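Enquirer: Can you look at this prediction? I've put the sequence above it.
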Amino acid sequence: MYILAQSEHSVDPILRFVFTTTARRVALIGLFLIGSAANAAAQPVRQILMLQSVDRGNRVIDEFTGDFRVELDQRAEKPVNVVQVVVGPTGFVRASEQAVVDYIRSTFIDRPTPDLIMTVGGPAAVFARKYRQQLFPDTPLLLAAIDRQYLGDAPLGDKEIAVGVDNQFSRTIDTILQLLPQTKQVFMVMGSGQLGQFWHRELENQFSRFNDRVKFVWFDDLSLAEILRICAKLPADSAIFYVTFGTDAAGAAYADDRVLTKIHDAATAPLFAAHNVYLGTGVVGGSLMDINDLSLRTADVAVRLLQGAAPKSITVPSQLPGPPKFDWRELDKWGIPESRLPPASVVLYRKGLWNEHKSTVLGAAGALLIQSLLIVGLLYQRRARQRAEVDSRKNLALAADANRRQTMSALTSAIAHELGQPLSSMISNAQALEMMVTAERATPETMTEILADIRTQGVQATQIIHRHRTMLRNHQLEKKPIDLHDVIAESLALVAHDIRTREIETTVDLPSNPCAIDGDQVLLQQVLVNLVVNAMDAMDATPPPRRRLAIGTDVRTADVTVSVRDSGTGLPAKINGSLFTPFVTTKAHGLGIGLTIARTIVEAHAGKLDAHNNPEGGATFTVTLPRSETTESMSGPPAAVSPNAIVGVQL
């Protein structure tokens with residue numbers, strides 16, 4: 001009808017007129033047939049009538065029922081509907097049992113007969129068997145979570161099956177006496193309801209074998225407030241056994257969790273129980289009945305019954321308590337050593353490092369985290385510094401190469417002049433030899449002498465080319481033992497022609513012994529050439545007779561100082577303190593990077609470069625470098641500054 005109503009609201013008024021009553025009837029018949037076909041195709045819903053002994057709050061029954069429902073849904077092949085009815089006094093207050101029976105029968109007037117009747121707990125099992133003929137006698141009856149004491153001696157009917165338990169509560173008393181041998185009295189907490197009264201009667205008989213060792217005090221006739229007052233003043237030789245509760249003597253109903261918490265907080269004696277669902281709520285432990293396993297076994301039987309299996313064909317032995325399990329926290333609280341535990345005991349809830357020292361663990365974790373972050377930061381900085389050092393070396397090499405090429409470009413005329421001398425001499429010697437051979441006046445001695453001169457001048461030309469090519473080649477910093485005096489001699493040879501051209505009087509003062517340092521010969525040579533060229537440029541405005549350049553070394557134990565002294569105009573006061581800053585220069589056409597590169601090269605050799613004005617005029621640049629401990633291959637006098645390299649220089 002809903003679909004038709006929706007269709008009418010969306011149809012045009014003219015079409016609505018055409019939609020006659022007959023059409024409506026045809027549509028309704030179609031919908032009825034479709035619904036019938038869908039219902040026939042759908043799987044039938046199986047019905048279970050679950051009769052519970054107590055309402056919610058009993059921890060054992062609540063845990064059992066919850067696990068059973070979950071397991072049933074997972075195992076059943078067809079949909080299952082569970083109708084739960086509490087048949088105990090907490091379900092129907094002041095109602096007669098017959099009234100409860102009538103209510104259950106009325107519940108199924110409009111629905112199919114149950115496919116299975118299931119009881120949970122002893123009182124519900126007694127009720128179901130008592131009214132079996134009124135409650136669907138042909139339906140299988142599954143008595144679940146029932147102690148064999150509740151079944152009594154009456155045999156099960158053909159359509160009845162029990163998934164029972166043998167609680168063996170006396171084993172809990174054995175555990176108490178094993179763990180606490182000094183125990184003289186056990187206080188029994190069981191509530192005042194039907195379950196409590198039943199277990200009071202049953203356990204008095206079961207515990208008779210302990211009467212000569214232990215006195216049992218029953219709390220089934222007290223209110224909860226009275227029980228708590230007594231538990232707060234128990235003597236040291238006492239123990240508490242929690243069986244169940246439900247209602248107290250005052251008629252008030254309480255959930256197990258609340259009662260256990262109150263007793264545990266108030267008690268001056270350890271608390272014990274017989275079911276695993278209480279472990280972790282304040283009980284010490286023992287050989288406990290596994291309620292979770294019981295619910296799985298019950299679900300398996302229920303599924304088989306729903307599938308058509310006959311109750312008599314299913315054999316289910318009573319479930320026994322499981323292996324002993326204990327709460328480490330309670331053992332520790334009451335000073336019970338683990339050596340007293342039964343063999344193969346399982347100890348749970350041990351306090352780990354986190355539980356005992358949470359603040360210390362957090363502090364240590366925080367310290368480790370901060371330390372880790374610092375280490376990561378330092379590693380990152382180290383890597384960045386290494387990368388910066390590599391980049392710095394690359395930049396140093398590039399800048400030094402550019403500066404070196406600029407310097408060599410400025411010395412182009414000197415290169416041509418240096419090569420011109422040996423080449424001209426070689427040509428002259430070759431022409432003279434040719435003339436002597438033509439005139440047949442060449443003797444073997446003369447020919448040998450001329451050829452020796454040609455070879456000497458060829459070697460000189462080769463050295464000049466090698467020297468300049470080395471200076472022009474791209475170069476990375478490479479330290480090795482070298483003689484600083486050789487570096488000075490090679491550097492002066494590169495600028496010798498310019499010195500002569502500018503008419504500069506040069507004085508070179510070098511000790512006779514080698515001076516070994518760890519360095520890069522090409523880069524240090526570049527520094528010295530740069531300083532000498534700067535000195536020569538500084539004397540451009542100085543009259544030729546007063547142009548003087550002095551180069552010398554002061555060799556000490558730990559280091560050596562090379563000084564380049566000129567008689568030029570000196571360092572301007574305006575660049576005092578910024579002489580080695582990039583792009584600061586005193587030259588009209590200078591870039592201002594020569595001294596910056598020179599200082600960087602010196603500092604890369606762990607040295608320093610300084611400059612100051614001379615009192616009599618001019619300036620002195622000083623390079624200080626650490627000496628090397630390696631003197632091998634440094635024996636012999638330093639390389640002499642060739643007289644042919646600096647013509648007219650006074651030494």
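Expert: Received the coordinates, thanks.
Enquirer: going forward, measure contacts and count neighbours with C-alpha atoms only.
Expert: OK.
Enquirer: so how far is W334 from F136?
Expert: Plainly put, F136 is 53 Å away from W334 if you go by C-alpha to C-alpha, to the nearest Å.
Enquirer: how close does the most centrally placed residue in the chain get to L306?
Expert: Nearest to the geometric centre of the chain sits L369, at 10.5 Å (C-alpha atoms, centre = their mean). To L306, L369 is 59 Å away according to C-alpha to C-alpha.
Enquirer: Could you do S345 as well?
Expert: Taking C-alpha to C-alpha as the measure, S345 falls 39 Å from L306.
Enquirer: Please apply the same query to F198.
Expert: Taking C-alpha to C-alpha, one finds F198 at 32 Å from L306.
Enquirer: Looking at these two, which one has more neighbours?
Expert: Under the criterion of other C-alpha atoms under 10 Å, the comparison of F198 against L306 puts L306 first, with 19 against 16.
Enquirer: ok, the more buried one touching I117?
Expert: No - using C-alpha atoms under 8 Å, L306 is not in contact with I117, being 10.5 Å away.
Enquirer: just to revisit the earlier point, more neighbours: which of F136 and W334?
Expert: F136 (16 against 13).
Enquirer: How about the contacts made by the more buried one?
Expert: F136 sits next to T113, P114 when contact means C-alpha atoms under 8 Å, 6 or more residues apart in numbering.
Enquirer: Which of the three states applies to it?
Expert: Secondary structure state of F136, per DSSP: H, G, I helix; E, B strand; the rest coil, is coil.
Enquirer: Which pLDDT value belongs to it?
Expert: pLDDT, F136: 92.
Enquirer: quick one: it from L156, how far?
Expert: F136 sits 16 Å away from L156 when distances are taken as C-alpha to C-alpha.
Enquirer: Would you mind measuring from E226 to K184?
Expert: Taking C-alpha to C-alpha, one finds E226 at 21 Å from K184.
Enquirer: for P79, same thing?
Expert: Applying C-alpha to C-alpha, the value for P79 to K184 is 54 Å.
Enquirer: Compare these two (neighbour count), which wins?
Expert: Of the pair P79 and K184, K184 is the one with more neighbours under other C-alpha under 10 Å, namely 17 against 12.
Enquirer: and the spatially closest residue to that one that is not a sequence neighbour, how many residues sit next to it?
Expert: In space, and not counting its chain neighbours, K184 is closest to V214: 4.8 Å by C-alpha to C-alpha, 6 or more residues apart in numbering. A count of nearby residues for V214, using other C-alpha under 10 Å, gives 18.
Enquirer: Let me see the contact set for V214.
Expert: T183, K184, Q185, V186.
Enquirer: On the three-state scheme, the residue nearest to the centre of the chain is what?
Expert: Under three-state DSSP, the three-state class of L369 is helix.
Enquirer: So what does D237 have for phi and psi?
Expert: Note on D237: backbone dihedrals following degrees, to the nearest 10 are phi -90, psi 30.
Enquirer: Does D55 touch V86 like I think?
Expert: Yes - assessed by C-alpha under 8 Å, D55 is found in contact with V86 at 6.1 Å.
Enquirer: can I see the domain layout of this protein?
Expert: As assigned by automatic domain parsing, the chain contains the domains 2-41, 46-165, 170-288+323-351, 477-651.
Enquirer: now the shortest one: mean pLDDT?
Expert: Looking back up the chat, that one is domain 2-41. Here the average pLDDT along domain 2-41 is 40.
Enquirer: cool, the last one as well?
Expert: Confidence over domain 477-651 (mean pLDDT, whole number) is 79.
Enquirer: what about the residue nearest to A266 when sequence neighbours are not counted, neighbour count?
Expert: Using C-alpha to C-alpha, 6+ apart and skipping the chain neighbours, the partner closest in space to A266 is A232 (5.0 Å). The tally of other residues near A232 (other C-alpha under 10 Å) stands at 15.
Enquirer: I'd say A232 and K262 touch.
Expert: No - the criterion here is C-alpha under 8 Å, and A232 misses it with K262 at 10.3 Å.
Enquirer: Where do the helices of the stretch 151-300 of the chain begin and end?
Expert: 170-179, 194-206, 224-231, 256-266, 291-306 (DSSP state H, counting those that start in this stretch).
Enquirer: deepest of those, which one?
Expert: With neighbours taken as mean count of other C-alpha atoms under 10 Å, those reach their highest mean count in helix 291-306, at a mean of 20.
Enquirer: And the next helix or strand past that helix?
Expert: Under the assignment DSSP states H and E, the closest C-terminal helix or strand after helix 291-306 is strand 324-327.
Enquirer: what's that following strand in contact with?
Expert: 279-280, 283-288, 342, 344-350.
Enquirer: which ones among the residues you listed are found in strands?
Expert: Assigned to strands by DSSP state E, the following of the contacts of strand 324-327 qualify: G285, G286, S287, V346, V347, L348.
Enquirer: What's the ChimeraX syntax to select whichever of those residues are buried?
Expert: The ChimeraX command for the buried members of the ones in strands among the contacts of strand 324-327 (criterion: 16 or more other C-alpha atoms under 10 Å) is given here:
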select :285,286,287,347
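Enquirer: which one among the ones in strands among the contacts of strand 324-327 gets closest to V100?
Expert: Proximity of these to V100 (C-alpha to C-alpha) peaks at S287, which lies at 37.2 Å.
Enquirer: What about the closest residue to the closest one other than its chain neighbours, how many residues nearby?
Expert: Leaving out its chain neighbours, the residue that sits closest to S287 by C-alpha to C-alpha, 6+ apart is P324, at 4.1 Å. Here the number of neighbours of P324 (other C-alpha under 10 Å) works out to 20.
Enquirer: Please determine how far P324 is located from V189.
Expert: For P324, the distance to V189 (C-alpha to C-alpha) stands at 21 Å.
Enquirer: Contacts for stretch 172-183 next, please.
Expert: Residues outside stretch 172-183 that contact it (C-alpha under 8 Å, 6+ apart) are V214, D237, S238, A239, F272, A273, A274, G286, S287, I336, R340, L341.
Enquirer: Report the mean per-residue pLDDT for that stretch.
Expert: The model assigns stretch 172-183 a mean pLDDT of 95.
Enquirer: Next: stretch 303-323.
Expert: pLDDT averaged over stretch 303-323 gives 92.
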